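*Asks:* Need coordinates for the following:
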Amino acid sequence: MIGVLVNTSDMLVPMFISTSIDAAYLKKPDAKYIILSALLWVVGIAVVRSFTFVASRYTLVGVSRHTAYDLRNTIYDKILRLPDKFFVGMSTGEIMNRASSDVQSITMFLGMGGNLFPNAVLRTVLGTILMISISWKLAIPILLFVPVLFFIEYLFGKKIFKLYKILQDYSDKVVSRVQENYSGARTVRSYNQGDHEKRMYKGMMDKYVQTIKPLNIMDALFWPVLNMASWMPILVILWYGGVLYMKGQLTLGGLSAFIAYVSLMIWPIINLGWVTNLYQRSNASLKRIVEITEVVPDIKSPQNPYKPETIEGNIELKDVKLSYGTNINSIDGISITIPKGQVVGVVGPVGSGKSSFGKLLLRVWDSDSGEVSIDGVDIKKWDLKMLRKSFGYVPQDNFLFSTSIGENIAFAKPDATKEEIEKVAEMVQIKDEIEKFPQSFDTVVGERGVTLSGGQRQRVAIARALLLDPPMMLLDDPLSAVDTSTEDAIIDTLKPIIKGRTTIIIAHRVSAMRLADRIVVLDKGRIVEDGTHQELMTKGGYYADLVEKQRLATQIGQEGIDA
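*Replies:* Sure thing, here's the model as predicted:
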């Protein structure tokens, strides 16, 4: 605040100029002393203002940068805790745009607006007081233009806010499309769709240009209208000020001071127009950021969470239903008991509820009704971190980060030692392959693990799941992205790993069921078959039909290779 006061101290300069002009014009005896004194004051104000301006700019820019830092950290932290259903309605590109361009808009307003706004307000107040002290008759008609300028800024600012919100929403779509194409560049090339994607992108950018045009028009009109209105007080001074001077009601120095004051006040007021523009943009951006930060995670640990010292791994579902907020149940009244150490395979057609079954166990989603319990305790009473750490989870889409193989394995346990990492790599039979790479475990795998084969990515993901030595395993379609030979290798890898652990294997391929003690068939969210491989084959039904179809497909494929 002191910096702002000092920075507006130049509002005193016109008073010194006025006094000097009047002293010289009226040939006062002490004119030289008055002029020299005014000169020293002006020089002093200029020097002090230079230092305080640097300090205030440094402080305000620092505040804006720290705000950006805090906002991005808040968004990042929130994204990591948001429920799955949030991401159904918002793409990665939209989130990235809000964490970058929207935060930048707020930073611009705080950095520039934080400096210009208090200066403009204080200059207007000081200028008003000083002009009234010189001549209230001339001050009043001039000051009548100030609310006119503010009204113009308000009208334009309101429209700019709406247009900028529309622009940012469409910008989300553009950024999202670009992000998808970067991530899927290999797919685009593989299908020879580069030209198609370029046309799509050009079409989106053409629409973006059309969207931004109204905003550009408003910006183009805003400044000329504001600038034209700002010249009106000068015309009043030249006309009415001249009249007052001719009548002897205003001195020559007073007239020059009015011109100086209007000049010193007008540009800050015009700058308020720019600040208004920045404010409307930052306000629109803030509303978009709030759409993320104010989402309350509906899945979290209770106040006094259950934290068992040991976990046996007995799982039970009692009449569980899950609908994802729709009228159709993805899980429709499932009841099942899985004792400690049992390996259960879950199969079924697409949309049968297999993946939903896994999400319920991890509390990625909470059931609408019924109860999911582990060791006899409802998982909603568990400490959420402990619950999820008790499962060795291998997702269907094995996401690997663009870091080293060792860091990817250690993701579940960042403080894991080199020996621990190598041990689980050996357990999944990938240690020897990793050590053949030039940098061994320090080899960077690239985005999504592109430098590794499908089987290698799968085994790295399994190694990561094993690092915490979990009492339970949840394998979501672990063989979906590998060929037959790799499939056999992974099954052999999994046999000793899952021994003694309660394990749920969700799969499309029946070959994975070789590991299962028990097989459950889901259809339309319900358990329609339950038994061992032999029992279900004898019964005849969906599972037996699936086994036969996949056997024939494998046989036909092998005959094709032999031919």
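*Asks:* Identify the residues contacting stretch 199-215?
*Replies:* With contacts defined as C-beta atoms under 8 Å, 6 or more residues apart in numbering, stretch 199-215 is touched by 160, 163-164, 166-167, 170-171, 173-174, 177-178, 181. All C-beta atoms are positioned from the backbone trio N, CA, C, and that covers glycine.
*Asks:* any chance of those residues in CSV, with pLDDT, secondary structure and neighbour count too?
*Replies:* Shown next, in CSV, are the contacts of stretch 199-215 (pLDDT from 0 to 100; DSSP: H, G, I helix; E, B strand; the rest coil; neighbours: other C-beta atoms under 10 Å):
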residue, pLDDT, secondary structure, neighbour count
160, 74, helix, 24
163, 78, helix, 21
164, 74, helix, 22
166, 77, helix, 15
167, 76, helix, 16
170, 73, helix, 16
171, 74, helix, 20
173, 73, helix, 16
174, 73, helix, 17
177, 71, helix, 17
178, 70, helix, 15
181, 67, helix, 17
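*Asks:* gap between residue 463 and residue 355?
*Replies:* Using C-beta to C-beta, to the nearest Å, residue 463 is found at 22 Å from residue 355.
*Asks:* can you check residue 173 too?
*Replies:* 27 Å.
*Asks:* Look at residue 440 and say how many residues are nearby.
*Replies:* Neighbour count for residue 440, taken as other C-beta atoms under 10 Å: 14.
*Asks:* Now it: closest residue in space that isn't a chain neighbour?
*Replies:* Among residues not flanking residue 440 along the chain, residue 434 sits closest, at 6.1 Å (C-beta to C-beta, 6 or more residues apart in numbering).
*Asks:* neighbours of the one you found, just the number please.
*Replies:* Neighbours of residue 434 (other C-beta under 10 Å): 24.
*Asks:* More neighbours: residue 463 and residue 355, which one.
*Replies:* Each of residue 463 and residue 355 has its neighbours counted (other C-beta under 10 Å); residue 463 has more, 30 against 17.
*Asks:* Make sure residue 335 is indeed in a strand.
*Replies:* Yes - according to DSSP: H, G, I helix; E, B strand; the rest coil, residue 335 belongs to a strand.
*Asks:* What about it, how many residues nearby?
*Replies:* Counted with other C-beta under 10 Å, residue 335 comes out at 12.
*Asks:* So it versus residue 317, what's the distance?
*Replies:* Applying C-beta to C-beta to residue 335 and residue 317 gives a distance of 6 Å.
*Asks:* And residue 20, by the same measure?
*Replies:* Residue 20 is 90 Å from residue 317, by C-beta to C-beta.
*Asks:* just residue 266 next, same as before
*Replies:* 72 Å.
*Asks:* So for those two, which sits in the more crowded spot?
*Replies:* Between residue 266 and residue 317, counted using other C-beta under 10 Å, residue 266 has the larger neighbour count: 24 against 21.
*Asks:* Where does residue 319 sit, in terms of helix or strand?
*Replies:* Assigned by DSSP states H and E, residue 319 belongs to strand 315-322.
*Asks:* Which strands and helices lie in contact with that strand?
*Replies:* Secondary-structure packing of strand 315-322 (3 or more C-beta pairs under 8 Å, 6 or more residues apart in numbering; DSSP states H and E): strand 331-338, helix 354-362, strand 369-374.
*Asks:* ok, residue 319 touching residue 367?
*Replies:* No - checked against C-beta atoms under 8 Å, the pair residue 319 and residue 367 is beyond contact range at 9.3 Å.
*Asks:* So for the two, which residue has more residues nearby?
*Replies:* Of the pair residue 319 and residue 367, residue 367 is the one with more neighbours under other C-beta under 10 Å, namely 21 against 12.
*Asks:* If the residue nearest to the more buried one when sequence neighbours are not counted is in a bridge, with which residues?
*Replies:* In space, residue 367 comes closest to residue 320 once its chain neighbours are excluded; the distance is 4.7 Å by C-beta to C-beta, 6+ apart. Per DSSP bridges, the residues bridged to residue 320 are residue 334.
*Asks:* who's in contact with residue 320?
*Replies:* Contacts of residue 320 (C-beta under 8 Å, 6+ apart): 331, 333-335, 360, 367, 369-372.
*Asks:* and with 10 Å instead?
*Replies:* Listed by C-beta atoms under 10 Å, 6 or more residues apart in numbering, the contact set of residue 320 reads 329, 331-336, 356-357, 360, 367-372, 525.
*Asks:* Can you tell me which of the residues you listed are buried?
*Replies:* 329, 331-332, 334, 336, 356-357, 360, 367, 370, 372, 525 (16 or more other C-beta atoms under 10 Å).
*Asks:* In a markdown table: those, plus distance to residue 123.
*Replies:* Formatted as a markdown table, those follow (distance: C-beta to C-beta, whole Å):
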| residue | distance to residue 123 |
| --- | --- |
| 329 | 66 |
| 331 | 66 |
| 332 | 69 |
| 334 | 70 |
| 336 | 74 |
| 356 | 63 |
| 357 | 67 |
| 360 | 63 |
| 367 | 62 |
| 370 | 67 |
| 372 | 65 |
| 525 | 68 |
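*Asks:* Understood, closing this out.
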